[in-house]
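Chemist: sequence plus predicted model, see below.
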Amino acid sequence: MSSILNPVAPAQAATPTPDTAVAPATTSGVTNVNEIARDPRTGEPIFPAQDELAVEVQNVLKNAGVPESPGLIDSIGKFLKDSLIPIGPAATVLGNPDYKDLISAGVNANELRGVIIGESKGYPKAQNRGSKAAGLFQFTPTAAKELGTTVTEILNMSPKEQADLYLKYLNRWGWKPGVPLGLMQAAPSLARNWNNRSRDDVVYRKDSKAWKVNPGWRPKDGGDITIGSIENYYASKAPGKPKSPPIPPERP
């Protein structure tokens, strides 16, 4: 049986909800799915995170009277996003000294690559036009504030500085090796009771706000977003990711 998970706030921190995760995507307001906004300083693409292109396609099809089909929407959104935006150099994790401290802390390199590609395509200056989430890991303004910074400052950070901030974020929420990074992106407070979790546990119910704006997190059948379906989304961004560790994960 699936169950709605109740977030547990980290000690000595403001009480957050799953919506204060690194990148709870919101509808970006993009009106032309063929348009790629670019940072005027660097020329790098600025694009919606979490498959918001799929959400925009869904709105277009809905207005045209086409019945909703989550599987079709996901496929179209993935095609558009993958076709229009190449993977940036910061998505290279193995052998990259910028991520040395994260790897040393027990983060799986290929899982980390999946998160970076899934969130920013490897562009440190990527920013969500709707939520204003920023950087390689798409820190929201709330998450940035809780870490003592701002999204503006994050956009000016190097990949190494953003990686170090992400490690601080993981530690703040009590992440341990074996806890899916996808869960840390979607609902980090749930990681604190990881030993009691199942990959079938529901994080966001079908038709909830988070479900509607995160089509990539949904399972193939279009049902509730679960820990497992979130993990599968990021795993799909970095083929070859080792099979998920058992629950509870082994501790080093």
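Modeler: Arrived safely, thanks for sending.

Chemist: in contact with the nearest residue to residue 134 once chain neighbours are set aside, which residues?
Modeler: Closest residue in space to residue 134, ignoring its immediate chain neighbours: residue 151 at 3.9 Å, by C-beta to C-beta, 6 or more residues apart in numbering. Where you see a C-beta, it was placed from the backbone N, CA and C, and this is true even at glycine. Residue 151 makes contacts with 127, 132-135, 139-141, 144, as judged by C-beta atoms under 8 Å, 6 or more residues apart in numbering.

Chemist: can you give me the strands for the stretch 151-252 of the chain?
Modeler: Here the stretch 151-252 of the chain has its strands, by DSSP state E, counting those that start in this stretch, at 202-204, 225-226.

Chemist: so which of those strands is nearest residue 179?
Modeler: strand 202-204 (13.5 Å; C-beta to C-beta).

Chemist: name the helices or strands packed onto the closest one?
Modeler: Packing partners of strand 202-204 (3 or more C-beta pairs under 8 Å, 6 or more residues apart in numbering; DSSP states H and E): helix 181-186, helix 209-213, strand 225-226.

Chemist: so which of these is the most packed in?
Modeler: Most buried of those, by mean neighbour count (mean count of other C-beta atoms under 10 Å): helix 181-186, with a mean of 26.

Chemist: shaky segments in the chain?
Modeler: 1-58, 68-84, 240-252 (pLDDT under 70).

Chemist: what about the helices in it?
Modeler: For the chain, the helices defined by DSSP state H cover 52-63, 70-84, 100-104, 109-120, 141-146, 151-155, 159-172, 181-186, 209-213, 227-237.

Chemist: ok, and which of those has the densest surroundings?
Modeler: helix 181-186 (a mean of 26).

Chemist: coming back round to it: ok, which of the strands of the stretch 151-252 of the chain comes nearest residue 61?
Modeler: strand 225-226 (21.0 Å).

Chemist: who's in contact with the closest one?
Modeler: 2, 186, 199-206, 210-211, 214, 217-219.

Chemist: switch the cut-off to 10 Å
Modeler: 2, 5, 186-187, 198-206, 208, 210-211, 214-219, 232-233 (C-beta atoms under 10 Å, 6 or more residues apart in numbering).

Chemist: report the buried members of the residues you listed.
Modeler: Applying 16 or more other C-beta atoms under 10 Å to the contacts of strand 225-226, the neighbour count classes 5, 186-187, 199, 201-204, 210-211, 214-219, 232-233 as buried.

Chemist: please identify which of the helices of the chain is closest to residue 92.
Modeler: Comparing these by C-beta to C-beta, helix 109-120 comes nearest, at 7.7 Å.

Chemist: perfect, that will be all.
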